[in-house]
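Colleague: can't give you the sequence, but here's the structure:
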Ligand code: GH3
Ligand code: MG
Ligand code: MG
Ligand code: MG
């Protein structure tokens, strides 16, 4: 609540307190702005004319902030100043109350404010949920290809800027078509979940593990050398083998994966798509070499 008139501050604070909310008071616009930034209140009730920043300037400052949470703004104007009301709403206020302040009127406006801020908080939650969902593969719970594109763009740009290396590993389940044919698609789905979990467990916390396609997984390994990536993938292949998923259609008798590794280095720096292409080509080498192996 911002007002340079101590009398209206008192009336307003009493009304807000009675509504069961916490009320902070400021005596001018600049103090109100500093207080706003520190406490991020749900609702701002502000006078029109104040020393420092006036009411509309305070509204504009609040609206210019790309904050996640919505601030509901009620402007206090003097009676009969229609132009002020219009200018205030255009500056970003949600509502206005005319002075002298009637505590009952403020109380009713706060009920509306509460409903609006709750709605905005719900929307923000849904938005975050959808953002998360759109980037998650529902079967394995791993990140999906959309998230891969976003993350790889960042890793690639950072590696370019700081001349760091990074590696990609394209992994593909061996003889998976025959696994589905023999054990059914539900068993196939469970196997994919288990493989995804094993890969995620083998990765460092800074690595990214993504479901790239049907039975293909892509690993993004920032600040990793090709040799380090090879060792990590060999551990991952062992981990998948150790899942002990019986596969009579595979020469090893178990479900296995193959992996192809590509590296981005200061000496060899193709664009991000090409780094994926090189991992894919290396995967082909691993398959041609007999599967259940890592190739560079
Ligand atoms: P390779 O060793 O050369 O990789 O042989 P493969 O049989 O694994 O390769 P192929 O590309 O012929 O078969 C991939 C199979 O993966 C076919 C497809 O039905 C299966 N698949 C893809 N996505 C899913 C899924 O979400 N669930 C199940 N159960 N199977 C899937
Ligand atoms: Mg005033
Ligand atoms: Mg495949
Ligand atoms: Mg396969």
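Modeller: Nice, thanks for sending it over. Bear in mind that the values here come from a model prediction, so they are computed numbers and not experimental data. Residues are numbered from 1 along each chain as shown. Ligands and ions are numbered 1, 2, ... in the order given.
Colleague: identify the bridge partners of residue 77.
Modeller: residue 98 (DSSP bridges).
Colleague: sorry, slip of the keys, the one I care about is residue 216.
Modeller: Assigned bridge partners for residue 216, using DSSP bridges, are residue 172.
Colleague: and the pLDDT for it?
Modeller: Note for residue 216: predicted pLDDT of 98.
Colleague: near ligand 4, which residues of the protein?
Modeller: By the rule Cβ under 5 Å from the ion, the part of the chain lying against ligand 4 is 172-173, 176, 215. Backbone N, C-alpha and C define where each C-beta goes, glycine included.
Colleague: save those as CSV, and put in neighbour count too.
Modeller: Below are the residues of the chain next to ligand 4 laid out as CSV (neighbours: other Cβ atoms under 10 Å):
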residue, neighbour count
172, 22
173, 24
176, 22
215, 19
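Colleague: which one of those is nearest residue 104?
Modeller: Comparing those against residue 104 with Cβ to Cβ places residue 215 closest, at 66.2 Å.
Colleague: in this protein, what residue spans correspond to helices?
Modeller: Under the criterion DSSP state H, the chain carries helices at the ranges 6-18, 29-39, 55-64, 82-90, 103-133, 145-162, 176-183, 185-202, 226-241, 272-288.
Colleague: export those helices to a markdown table and tack on mean pLDDT and distance to ligand 1?
Modeller: Shown next, in a markdown table, are those (pLDDT from 0 to 100; distance: least, Cβ to the nearest ligand atom, whole Å):
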| stretch | mean pLDDT | distance to ligand 1 |
| --- | --- | --- |
| helix 6-18 | 87 | 55 |
| helix 29-39 | 96 | 48 |
| helix 55-64 | 95 | 46 |
| helix 82-90 | 89 | 53 |
| helix 103-133 | 94 | 18 |
| helix 145-162 | 97 | 13 |
| helix 176-183 | 98 | 3 |
| helix 185-202 | 98 | 3 |
| helix 226-241 | 97 | 13 |
| helix 272-288 | 98 | 5 |
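Colleague: got these as JSON lines, with distance to residue 254 columns?
Modeller: Below are the helices of the chain laid out as JSON lines (distance: least, Cβ to Cβ, whole Å):
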{"stretch": "helix 6-18", "distance to residue 254": "67"}
{"stretch": "helix 29-39", "distance to residue 254": "59"}
{"stretch": "helix 55-64", "distance to residue 254": "60"}
{"stretch": "helix 82-90", "distance to residue 254": "69"}
{"stretch": "helix 103-133", "distance to residue 254": "33"}
{"stretch": "helix 145-162", "distance to residue 254": "28"}
{"stretch": "helix 176-183", "distance to residue 254": "10"}
{"stretch": "helix 185-202", "distance to residue 254": "11"}
{"stretch": "helix 226-241", "distance to residue 254": "6"}
{"stretch": "helix 272-288", "distance to residue 254": "17"}
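Colleague: return the member of the residues of the chain next to ligand 4 nearest to ligand 1.
Modeller: Closest to ligand 1 out of the residues of the chain next to ligand 4 is residue 176 (3.4 Å), distances taken as Cβ to the nearest ligand atom.
Colleague: which ones are touching that closest one?
Modeller: With Cβ atoms under 8 Å, 6 or more residues apart in numbering as the criterion, the residues that contact residue 176 are 188, 191, 214-215, 255.
Colleague: nearest to residue 164 among those residues?
Modeller: Nearest member of the contacts of residue 176 to residue 164, counting by Cβ to Cβ, is residue 215, at 30.7 Å.
Colleague: gap between the closest residue to the closest one other than its chain neighbours and ligand 2?
Modeller: In space, and not counting its chain neighbours, residue 215 is closest to residue 173: 4.0 Å by Cβ to Cβ, 6 or more residues apart in numbering. Counting by Cβ to the ion, to the nearest Å, the gap from residue 173 to ligand 2 is 71 Å.
Colleague: before we move on, what about residue 41?
Modeller: To ligand 2, residue 41 is 19 Å away according to Cβ to the ion.
Colleague: repeat for residue 169
Modeller: Using Cβ to the ion, residue 169 is found at 65 Å from ligand 2.
Colleague: I'd like to know how many residues surround residue 1.
Modeller: Residue 1: 25 surrounding residues under other Cβ atoms under 10 Å.
Colleague: which residues touch it?
Modeller: 9, 12-13, 16, 23-26, 44-46.
Colleague: again, but for residue 142
Modeller: Contacts of residue 142 (Cβ under 8 Å, 6+ apart): 136, 196, 200, 209-211, 217.
Colleague: can you list these in TSV and add distance to ligand 2?
Modeller: What follows is the contacts of residue 142, written out as TSV (distance: Cβ to the ion, whole Å):
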residue	distance to ligand 2
136	51
196	62
200	59
209	58
210	57
211	59
217	63
